[in-house]
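Participant: Mind looking at a prediction? Sequence and model below.
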Amino acid sequence: MKLVFMGTPKFSVPTLKALDESKHQICAVYSQPPKPAGRGKKLNLSDVHKEALDLGLTVHTPGNFKSKKDQNIFRELKADIAVVVAYGLILPSQILLSPKHGCVNVHASLLPRWRGAAPIQRAIMEGDDETGICIMKMDEGLDTGPVLSSRKIQITENDTAKILSERLSLLGSNLIVEVLDKLSDYKVQNQSTVGITYASKIHKSEAKIDWSLPAQTIDRKIRALSPFPGAWTEINGERVKLLASKVIDDENKPGMVLDIGFSIACGQKAVEITEAQRPGKSAQKTDVFLRGFRLQPVSYTHLTLPTKA
């Protein structure tokens, strides 16, 4: 089939590569416009944009599809189908209905659970045991379209958002090729009206750790926000990102550093930090981190706790 690929972040790249290696023809790639980054504000291409250029594919980067010009460019591609993976732009009906078989989305959750922008992070944060990929026929709603196919995977106690994202990205890249290869064999199934949840966008304001919460809740937050934006706490006035952790059986005043490596007491039990990052530094495993950032066991008590209203 002749297809259009639409995606932006690293999560989308394995699907682009899988489709390029498949029997299907990518006639164009759409990605979000380059954004200024760094001190020099140099325009930075998205991960999908870079990969598409490496593959010799034509890339379009409209800021939206409001103009007739951009709608016509898309329509004139005469695609059989559009594959959308974390594109990040709302598609109007003129785009959704343009390809012969419409637009399909590779969504990183088991719909209708976790519709929306951050399904991977929310699944970890809420302690879900499983998640997966849904290949969904897109409509104008927020991830409300009927599902063509789905596949489950387990969420482990060691999964961070980065690790789980990589696993789901590979799963999605394989599943979408399977679906496209035998598209006529798949029948769409409407999503259940039971169990609908929404994965709202992650905000940096969520990243500060409240040590009065149970260790299990804090551990999930640390893993869900790793690597970005990174759950953090203040130690001696320095903001430290905590990027990986595990729950341990220990008790003390919430926020106190314990005499066990880099472990911190919570409202219930404690968490052992296994990876951390200081401002302006690279992420480090705890043993390396502590060589240049020594903690005083027990007496070092003043991790900053959120002020309660």
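Facilitator: Structure received.
Participant: what comes into contact with whichever strand or helix holds V13?
Facilitator: Per DSSP states H and E: V13 is located in helix 13-21. With contact meaning CB atoms under 8 Å, 6 or more residues apart in numbering, helix 13-21 is reached by 3, 5, 7, 26, 29, 47-48, 51-52, 55, 57, 83, 85, 106, 169-170, 172-174, 176-177, 180. Every residue, glycine included, has its C-beta placed from N, CA and C.
Participant: Show only the entries of these found in helices.
Facilitator: D47, V48, E51, A52, S169, L170, G172, S173, N174, I176, V177, L180 (DSSP state H).
Participant: For the fourth one, give its distance to V59.
Facilitator: Applying CB to CB, to the nearest Å, one obtains 5 Å for the distance of A52 from V59.
Participant: For the ones in helices among the contacts of helix 13-21, pick the one with the most neighbours.
Facilitator: When the ones in helices among the contacts of helix 13-21 are compared by neighbour count (other CB atoms under 10 Å), V48 ends up highest, at 28 neighbours.
Participant: I'd guessed that one sits against P34; true?
Facilitator: No: checked against CB atoms under 8 Å, the pair V48 and P34 is beyond contact range at 11.6 Å.
Participant: shared neighbours, these two?
Facilitator: Common neighbours of V48 and P34 are not found (criterion: CB under 8 Å, 6+ apart).
Participant: show me what contacts S192?
Facilitator: P112.
Participant: returning to what we had before: Serialize the ones in helices among the contacts of helix 13-21 to CSV and add fields for distance to K281.
Facilitator: Listed next are the ones in helices among the contacts of helix 13-21 as CSV, based on distance: CB to CB, whole Å:
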residue, distance to K281
D47, 24
V48, 29
E51, 29
A52, 33
S169, 27
L170, 30
G172, 33
S173, 33
N174, 36
I176, 38
V177, 40
L180, 44
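Participant: Turn those residues into TSV, including distance to A215 and pLDDT.
Facilitator: Formatted as TSV, these follow (distance: CB to CB, whole Å; pLDDT from 0 to 100):
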residue	distance to A215	pLDDT
D47	34	98
V48	38	98
E51	39	98
A52	43	98
S169	29	98
L170	31	98
G172	32	98
S173	35	98
N174	36	98
I176	38	98
V177	41	98
L180	44	98
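Participant: what angle separates the helix holding V13 from helix 47-54?
Facilitator: If you take axes from the mean of the first three to the mean of the last three CA atoms, to 10 degrees, helix 13-21 sits at 30 degrees to helix 47-54.
Participant: Return the set of buried residues in helix 13-21.
Facilitator: Buried residues in helix 13-21, counted by 16 or more other CB atoms under 10 Å: V13, P14, T15, L16, A18, L19, D20.
Participant: All set, thanks.
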